[in-house]
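Peer 1: Here you go, sequence then predicted model.
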Amino acid sequence: MFGDLKTPAGVKALNDYLAENSYIEGYVPSQADTAVFNALKGAPGADCPHALRWYNHIKSFGDGMKQFPKASKGADAYTKGASPAAAAADDDDDDVDLFGSDEEEDDEEKKRVTEERLAAYAAKKAKKPGVIAKTSVLFDVKPWDDETNMDDMLASVKSIEMDGLVWGANKLVPVGYGISKLQVMCVVEDEKVSIDELSEKIQDFEDFVQSVDIAAMNKI
């Protein structure tokens, strides 16, 4: 998909892809992100800001990358193969020839064919679904003390179900004195889920939760 990610061309292909996508697959990190991360020889340069943002975000999970869900494709699908330039040529917007063949010499026939293909193109564009605005949110959930059962806290947080809410990866981050905070990621549909309301629902688990903060938030 990206070709050799140790070459400038591969990193550029990754950067172009991440300009419109937050992760390699879907809306939460997966083993596809881990595979691509490991295939890079280091952090992308400043000339690839989207790839650099993604790289630093995935790197922040540390060992938590091992908890990412399984990818739908093997690692080779992303780290090997040709440049995506060929794939771009297969975009279904481009498979409509608006001007017909050079062999069509009759002006009226060429006009008719062009109009038909323009109509087909417009119909195809009209059928495409609109973009659903989504936000990726990383919560910091702090317990009361070192005796708080963090597994129970995680289970409680992820028991929250809302239309437009998808829970993602999580990890424990030490904060000192034997206490760790829970970092948990989710993706929400902006029109369906209020992030403030979701924060309040997490805070309602008073037996476990001392405080809830938003550590990171990115529009998808």
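Peer 2: Now that the structure is in, tell me what you want to look at.

Peer 1: my read: M217 touches I195, true?
Peer 2: Yes. If you go by Cβ atoms under 8 Å, M217 and I195 touch, sitting 7.4 Å apart. No exception for glycine: its C-beta is placed from N, CA and C like everyone else's.

Peer 1: Show me the common contact partners of the two, please.
Peer 2: Counting by Cβ atoms under 8 Å, 6 or more residues apart in numbering, the contacts common to M217 and I195 are 135, 137.

Peer 1: Among these two, which residue is more densely surrounded?
Peer 2: I195 (15 against 12; other Cβ atoms under 10 Å).

Peer 1: Let me know the secondary structure of the residue nearest to that one when sequence neighbours are not counted.
Peer 2: Sequence neighbours aside, V137 is the residue nearest to I195 in space, at 6.0 Å (criterion: Cβ to Cβ, 6 or more residues apart in numbering). What DSSP: H, G, I helix; E, B strand; the rest coil gives for V137 is strand.

Peer 1: In three-state terms, label the closest residue to A43 other than its chain neighbours for me.
Peer 2: In this structure, A43 finds its nearest non-sequential neighbour in Y55, 5.2 Å apart by Cβ to Cβ, 6+ apart. Under three-state DSSP, the three-state class of Y55 is helix.

Peer 1: what do you get for V212?
Peer 2: strand.

Peer 1: Contact partners for it?
Peer 2: 139-142, 199, 202-203.

Peer 1: And for M185?
Peer 2: Contacts for M185 (Cβ under 8 Å, 6+ apart) come out as 28-29, 136-139, 167-170.

Peer 1: Just name the shakiest helix or strand of the protein by mean pLDDT.
Peer 2: The weakest-scoring helix or strand in the chain, judged by mean pLDDT, DSSP states H and E, is helix 84-88 (a mean of 47).

Peer 1: going on from that one, what's the next piece of helix or strand?
Peer 2: From helix 84-88 onward toward the C-terminus, using DSSP states H and E, the following helix or strand is helix 107-127.

Peer 1: which other helices and strands contact that following helix?
Peer 2: For helix 107-127, there is no helix or strand it packs on, judged by 3 or more Cβ pairs under 8 Å, 6 or more residues apart in numbering; DSSP states H and E.

Peer 1: Would you mark the buried spots in it?
Peer 2: V113 (16 or more other Cβ atoms under 10 Å).

Peer 1: and if you look at stretch 140-152?
Peer 2: Result for stretch 140-152 [16+ other Cβ under 10 Å]: buried residues 140-143, 148, 150.

Peer 1: Could you list which of those belong to helices?
Peer 2: In this view, the buried residues of stretch 140-152 that belong to helices under DSSP state H are M150.

Peer 1: got the buried residues of stretch 140-152 as JSON lines, with distance to P8 and pLDDT columns?
Peer 2: Converted to JSON lines, the buried residues of stretch 140-152 look like this (distance: Cβ to Cβ, whole Å; pLDDT from 0 to 100):
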{"residue": "D140", "distance to P8": "36", "pLDDT": "97"}
{"residue": "V141", "distance to P8": "40", "pLDDT": "97"}
{"residue": "K142", "distance to P8": "42", "pLDDT": "96"}
{"residue": "P143", "distance to P8": "45", "pLDDT": "97"}
{"residue": "T148", "distance to P8": "48", "pLDDT": "95"}
{"residue": "M150", "distance to P8": "43", "pLDDT": "96"}
